[in-house]
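[1] Next comes the sequence, and after it the predicted model I'd like to discuss.
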Amino acid sequence: MEKCMTELEDDISLEFDPEVEAAIAELLPSNDPLHCKEFSAIDYINTIFPTEQSLTNIDDVVHKMNSKIRQLDNDIRHLIKEQTMAAEDGREALENSKQSIATLFNKIKEIRDKAEQSETTVKEITSDIKQLDHAKKNLTSSITTLNHLHMLVGGVDSLATLVKHRKYDEAAPLLQGVMYVMHHFTPYHQIPQIKELSDKLDKLLRDLAAQIRGDFEEAHSLYECKLNCQPSLAEACLVVDALQPRVKEDLINWFVDRQLAEYKSLFREYDEVSWLDKCDRRYAWLKRCFLEYEEDCARIFPEHWNMPGKIANDFCKVTRKMLEKQMKNRVSELDVKLLLFAVQKTQAFEKLLIERFEQDRQVVEVDGEEEKKDPITFHNAISQCFETYLNVYIESQDVNLTELVEKFVLELKEGGIPTYQVGDPAPLLPSSSDLFVFYKKCLVQCSQLSQGQALVDLTEVFKKHLQNYHSSLLMPSIPNKSSGIASLLKDKDNNKVAMSEVVMICIVLCTSEYCLDTTQQLEDKIKEKAQEAYAEKISFNSEMELFSNTITTCLQSLVAHLDSLCEPALSAMLKVNWSTLDSVGDQSAYTTSITTHLAATVPAVRDLLHNSRKYFTNYCLKFANSFIPRYVNQIYKCKPVSTVGAEQLLLDTHSLKTVLLQLPSLGSAVARKPAPSFTKTVSQGMVRAEMILKLVMAPSESQIAFVESYINLLADKDIGDFQKVLEMKGFKRTEQVEMVELFKKTANISDSEEVGSVAEQDSSRIRKLEKLIKKQF
């Protein structure tokens, strides 16, 4: 039966697109299982007849199903009938639409035919009017052209007469009108009469330009303009404004050359007055030239010609070329004083020209149109010729700085440590501030001379002497009395650095910090003054790194000094027989000695580095990182150690831990909370020392328990450290071998890890030795 039902389902299955299924579900919502897309006939029958007993009413179910099938058949027949009637109605509506469209098309065609007939009628009516309009337009154009031609012919004749009699005041407006009218005949130049008239006008204009130029040449002498000719010359300038721009340019260039002829004659190349030491006379000459121009020529030339500006512009060009040639020929005579004098006088003169001609650029009105003055600039118009020779200035500053640094070194050797009061911050080396004051003066002076390559060259000189100051003065000032490991092993007391030398180290540290900060400011200032193209070439990174390294060296020297003070006390630890102690007392003598040295040295260093708190914190941190491993190593060397001895060492360790945690504020009236990094370093290091001592105090009857205690307390798989603890406990060699094997087994240490541990111990010893050598050298 199930097989039959499955085949039935396959036969009647009908699939729709998801969009169709969704539309059907929205229009005809139903909860009937028969309407479900995943309908299963077997599941449906099982739902109706869940048990065998339910089969008793199968006849009723079949009856209901038959009734439902009949109902569905009736509904389908009804829908088919309605659909058939709808199709017939649709065909009838379509035929009606076709007939309506055909009727509409016929009406549109009739309207279009009538519109074409109307357009033809209108064209016939208006054709005569169009002809009249064209005739009127042509007649108007002809009349206008004839009028223009009459005006042009009469204007050219009148202009010729006015030019002949030099009546420039009347010729100027007439010339503008003639030129305007002639512009309308440009399309008719192929007509012989128009071309002849145009050629006649061109010849007249050429003759007019030559005549005006002749009038100026006649009226103008080498030194002055004749005042009685000024009115006609001023009117001639109005005519020149109406001519081609080339005519005005030629006249201006001629006049400027005539004005500068005297200047070129006075300041010839080999005359002594033309050398740099008398360059101010050049600029005084131009000022007199301006005065003469205002008296004699200002009323001749229109203001918008800007004749003084053009004279000044050509003067700057000529002067720059003359100075360049002279400096090239007499370069051996250049010195800093002469160069600076010439540059300063030249820049002051350029500033005056800028104030007069650039800051107030007016917009003047010429023939009803606004016209800007010529864009003339006087910035570095002359002084740029000196940039090629600014190396003389740079070389001079190089020599001065060399002598200055040598003077600083000599003063330090003779004067020694700068004076200061105990408890005051470490003073700076006076030479550092003097050096940067000199730098500032050089920078201000050079930036006035140039903002280009000269500033880059000066930067290189600054860098050179910062390095010189560092290597010649700062580094040699750091005390270093050790002469190597041999002296260190012979007598530790020889390595103690006197307190005065500690002061000197702090002075060098603070001076290096000042130099580091000021060098960064110097770099920013030079970049601010330099042109954008040159600013990228300016950098003091290597010099700032030198000062930073010097600060690190000073901190290492201070730490080495404190380490050397604590070294005898750490050595005294090994002289105590820790296996024979019978009672625990107060802290040991070595602990008191270390505490005493810390209390005497750290507050003094804190006062000296009062203005450099971050470096004092770094100093404390470096000392903790140096002292604690050495202290732990000394504990390992105290062997064997009894339980009482371990308790005494534990007491000493706790005392040292307390002192180290208070190290940044040791001896200070104001207790400050140390930096978290410092507290973490001290706590972790000293806790390890305490754990080692607690292991030594722990019972060792059970080897497994002891090994587990070691792993839990130290969390360390280093076999070397484990052996050191065993030696402190006093285990025999055979017992140590057993314990080590048990430790390796418990801690899961492989052979490769064991080899790595041994190699790490050797590497650690080498690093300690290298560190010791570095401190001493």
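    Nice, I can see it. Keep in mind it's a predicted model, so treat the numbers as computed, not measured. Numbering: from 1, shown residues only.

[2] does Phe547 really touch Cys510, like I thought?
    No: in terms of CB atoms under 8 Å, Phe547 does not count as a neighbour of Cys510; the distance is 11.4 Å. C-beta here means a position set from N, CA and C on the backbone, and glycine is covered the same way.

[3] Can you check which helix is longest in this structure?
    Of all the segments of type helix in the chain, defined by DSSP state H, the longest one is helix 58-164.

[4] Pull the distance from it to the chain's centre.
    64 Å (CA atoms, centre = their mean, to the nearest Å).

[5] Tell me the helix or strand right after the least confident helix or strand in the chain by mean pLDDT.
    When the helices and strands of the chain are scored by mean pLDDT, DSSP states H and E, helix 485-490 comes last with a mean of 33. Downstream of helix 485-490, the first helix or strand assigned by DSSP states H and E is helix 499-529.

[6] Contacts only, for the residue most central in space within the chain.
    Centroid-nearest residue in the chain: Glu536, 10.4 Å away (criterion: CA atoms, centre = their mean). For Glu536, the contact set (CB atoms under 8 Å, 6 or more residues apart in numbering) is empty.

[7] cutoff 10 Å now
    Residues counted as contacts of Glu536 (CB atoms under 10 Å, 6 or more residues apart in numbering) are Val456, Lys527, Ala530.

[8] Name the member of these with the most neighbours.
    The most crowded member of the contacts of Glu536, judged by other CB atoms under 10 Å, is Ala530 (23 neighbours).

[9] And for that one, nearest residue in space, chain neighbours not counted?
    Sequence neighbours aside, Leu455 is the residue nearest to Ala530 in space, at 4.7 Å (criterion: CB to CB, 6 or more residues apart in numbering).

[10] For the one you found, give me the backbone phi and psi.
    Taking degrees, to the nearest 10, you get phi -70, psi -40 for the backbone angles of Leu455.

[11] What score does it have for pLDDT?
    Note on Leu455: pLDDT of 84.

[12] same question, Lys351
    pLDDT, Lys351: 84.

[13] just to revisit the earlier point, can I get the contacts of Glu536 in CSV with distance to Pro640?
    Shown next, in CSV, are the contacts of Glu536 (distance: CB to CB, whole Å):
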residue, distance to Pro640
Val456, 70
Lys527, 67
Ala530, 72
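
[14] so which of those comes closest to Pro603?
    Lys527 (42.1 Å; CB to CB).

[15] Does the closest one touch Thr459 like I think?
    Yes: Lys527 is within contact range of Thr459, at 9.5 Å (criterion: CB atoms under 10 Å).

[16] Overlap of the contact sets of these two?
    Taking CB under 10 Å, 6+ apart as the contact rule, Lys527 and Thr459 both touch Tyr534, Lys537, Ile538, Ser539.

[17] List the contacts of the third one.
    Translated: Ile538. 455-456, 458-460, 462-463, 522-527, 529-530.

[18] Quick one: classify it as helix, strand or coil.
    coil (DSSP: H, G, I helix; E, B strand; the rest coil).

[19] Torsion angles phi and psi at it?
    phi -100, psi 120.

[20] Nearest to Asn611, out of the shared contacts of Lys527 and Thr459: which one, please.
    The closest of the shared contacts of Lys527 and Thr459 to Asn611 turns out to be Ser539 (CB to CB; 27.5 Å).

[21] Any figure for the gap between the closest residue to the closest one other than its chain neighbours and Ile376?
    Among residues not flanking Ser539 along the chain, Glu523 sits closest, at 6.8 Å (CB to CB, 6+ apart). As for Glu523, its distance to Ile376 is 36 Å (criterion: CB to CB, to the nearest Å).

[22] With Ile526 instead?
    In terms of CB to CB, Ile526 sits 31 Å off from Ile376.

[23] any residues touching stretch 700-715, and which ones?
    So stretch 700-715 is in contact with 687-688, 690-692, 694-695, 698-699, 716-717, 721-722, 725-726, 729-731, 735, 738-740, 742-747, going by CB under 10 Å, 6+ apart.

[24] buried subset of these?
    For the contacts of stretch 700-715, a burial check counting by 16 or more other CB atoms under 10 Å picks out 688, 690-692, 695, 698, 716-717, 721-722, 725-726, 729, 731, 739-740, 743-744, 747.

[25] circling back: now for the residue nearest to Ala530, how many residues are close by?
    24.

[26] same thing with Asn31?
    When neighbours are defined as other CB under 10 Å, Asn31 has 6 of them.

[27] what do you get for the one 10 residues further on?
    Under the neighbour criterion other CB under 10 Å, Ala41 is assigned a count of 15.

[28] Give me the distance between the closest residue to Leu555 other than its chain neighbours and Asp517.
    Spatially, and ignoring its direct neighbours in sequence, Leu555 is nearest to Tyr619 (5.4 Å; CB to CB, 6+ apart). With the distance defined as CB to CB, Tyr619 ends up 19 Å from Asp517.

[29] And Val632, by the same measure?
    According to CB to CB, Val632 stands 38 Å off from Asp517.

[30] which one of these two has more residues nearby?
    Counted by other CB under 10 Å, Val632 and Asp517 do not tie: Val632 has more neighbours, with 17 against 12.

[31] Tell me how far that one lies from Val256.
    Relative to Val256, and taking CB to CB, Val632 is found at 91 Å.

[32] just His610 next, same as before
    Applying CB to CB, the value for His610 to Val256 is 69 Å.

[33] Ser30 too?
    Applying CB to CB to Ser30 and Val256 gives a distance of 105 Å.

[34] Of those two, give the one with the bigger neighbour count.
    Each of Ser30 and Val256 has its neighbours counted (other CB under 10 Å); Val256 has more, 18 against 10.

[35] Excluding covalently adjacent residues, which one is nearest to the more buried one?
    According to CB to CB, 6+ apart, the nearest residue to Val256 is Asp314 (5.0 Å).
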